[in-house]
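# Sequence first, predicted model second:
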Amino acid sequence: MTSRSFSLLVVLALLLAAAPAVARNCSADPYPLTTSCNAYGYVPSLPLNILAVVLYALCGIVFVINHILFKGWYFLALTFGTFMMAAGIAMRVVSYYRLQWNAGFIIMQVLVILSPCLLIAANYILLGRIAGHLDAQKHMFIRPSRVSWVFVISDIVTFLVQGGASGIASSDNKNTANVGEKILLAALIVQLVSFLLFTFMWCLFTYRAWRDPVLWDLDWWKPLNWLLGFNCVMFLIRSIFRTIEFGEGWDGKLRTHEAYWAALDCLPIFLAIVLYTWYWPSRILTPATKVVPQQAMSIPMEQSSYKSTETAEEPRGRLWA
């Protein structure tokens, strides 16, 4: 999916989210804790959110540099989602000064909830790339070329549903908000199930690769694969948190205490993506390390079906795909 497509999806989600916003009569108190005039239910921490914005923005900048130096445009969803997350958290900083600005809360909600969809999509793409680069299609129960399509399409659907539901759930009308919460909860559950299936596929792929002694002897791809597994754990933590959060309702304990969001959403996502600043896929999955099938190299059948085009122990050659 192109960056233009992602941009259109974000704009559409924001429009859907802004639709239910209505005017309210709030007190002169700039920091009301009532849910009618303060959708957060608390006052966002200024130092915490500024730090989070800076860290996410720095990751995004490094990703842009990696794109320029090493290409890997198939990983653009990661870069776009990182800046999207930074923008969403930045709205929390704005909300500290304008706590009664409901539109700001809606925009924050849409950006923070939807950005992981793009980050997860990057992981879907990466697993297919790893399997294809290793010529390890037989270790996948879905073709590497189809992994991205199967899971990204699921992600797009939940992306759009979450975008509209996030705004509806932010409505001042209780009945409308309840409907939005239920729709959003359903979308989050679907996303959780989809990502559980993807995590199982990663586990199965890794297990089968471990059982293949020749493939497992190639060490250069393992850090990237383990990083992908770490991402699965971090995003599962986030997905489970969000599912329970919206299952509790708009006034639930998880949603009205910022510490839970910081520890179970913001931090896991950051830990998941920050390692990609160094382990950039296109620096590892290079033409010099690509594994080619034995048929292409005229290797006897009794020998391994895998052979790397890299002759040295460490990857070398061009650092772009």
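Received it, and whenever you're ready, just let me know what you need.

# quick one: low-confidence parts of this structure?
Along the chain, the model assigns pLDDT under 70 to residues 1-30, 32-36, 144-148, 152, 155-156, 158-160, 162-181, 294-321.

# Helices along that one, start to end?
Using DSSP state H, the helices of the chain run over 3-18, 46-70, 76-97, 102-133, 144-169, 174-211, 213-216, 222-248, 258-261, 267-274, 281-284, 294-297.

# quick one: which of the ones you listed is nearest C37?
Nearest to C37 among the helices of the chain is helix 102-133; the distance by Cβ to Cβ comes to 8.3 Å. Heads up, the C-betas are built off the backbone N, CA and C, glycines and all.

# Run the angle between the closest one and helix 222-248 for me.
Interaxial angle of helix 102-133 relative to helix 222-248 (axes from the mean of the first three to the mean of the last three Cα atoms, to 10 degrees): 150 degrees.

# helices or strands up against helix 102-133?
The contact analysis (3 or more Cβ pairs under 8 Å, 6 or more residues apart in numbering; DSSP states H and E) places helix 102-133 against helix 3-18, helix 76-97, helix 144-169, helix 174-211, helix 222-248, helix 267-274.

# again, 6 Å this time
helix 3-18, helix 76-97, helix 144-169, helix 222-248 (3 or more Cβ pairs under 6 Å, 6 or more residues apart in numbering; DSSP states H and E).

# now the angle between helix 267-274 and the last one, please.
Which is helix 222-248. 160 degrees.

# Quick check: buried residues in helix 222-248?
Buried residues in helix 222-248, defined by neighbour count with 16 or more other Cβ atoms under 10 Å: 224-225, 227-229, 231-232, 234-239, 241-246.

# Quick one: list the elements packing against that helix.
Here helix 222-248 touches helix 102-133, helix 174-211, helix 267-274, going by 3+ Cβ pairs under 6 Å, 6+ apart.

# The first one to helix 76-97, inter-axis angle?
I take that to be helix 102-133. Angle, helix 102-133 to helix 76-97, by the same axes, to 10 degrees: 160 degrees.

# Give the buried residues for helix 102-133.
The neighbour-count check on helix 102-133 (16+ other Cβ under 10 Å) flags 102, 104-133 as buried.

# about what we covered before: can you redo the helices of the chain as a markdown table, where the extra columns are distance to A39?
Compiled in a markdown table, these are given as follows (distance: least, Cβ to Cβ, whole Å):
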| stretch | distance to A39 |
| --- | --- |
| helix 3-18 | 12 |
| helix 46-70 | 15 |
| helix 76-97 | 9 |
| helix 102-133 | 4 |
| helix 144-169 | 10 |
| helix 174-211 | 10 |
| helix 213-216 | 51 |
| helix 222-248 | 14 |
| helix 258-261 | 13 |
| helix 267-274 | 21 |
| helix 281-284 | 38 |
| helix 294-297 | 58 |
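
# ok, so what distance separates the residue nearest to the spatial centre of the chain from R98?
Residue closest to the average C-alpha location in the chain (Cα atoms, centre = their mean): L119, at 2.2 Å. As for L119, its distance to R98 is 28 Å (criterion: Cβ to Cβ, to the nearest Å).
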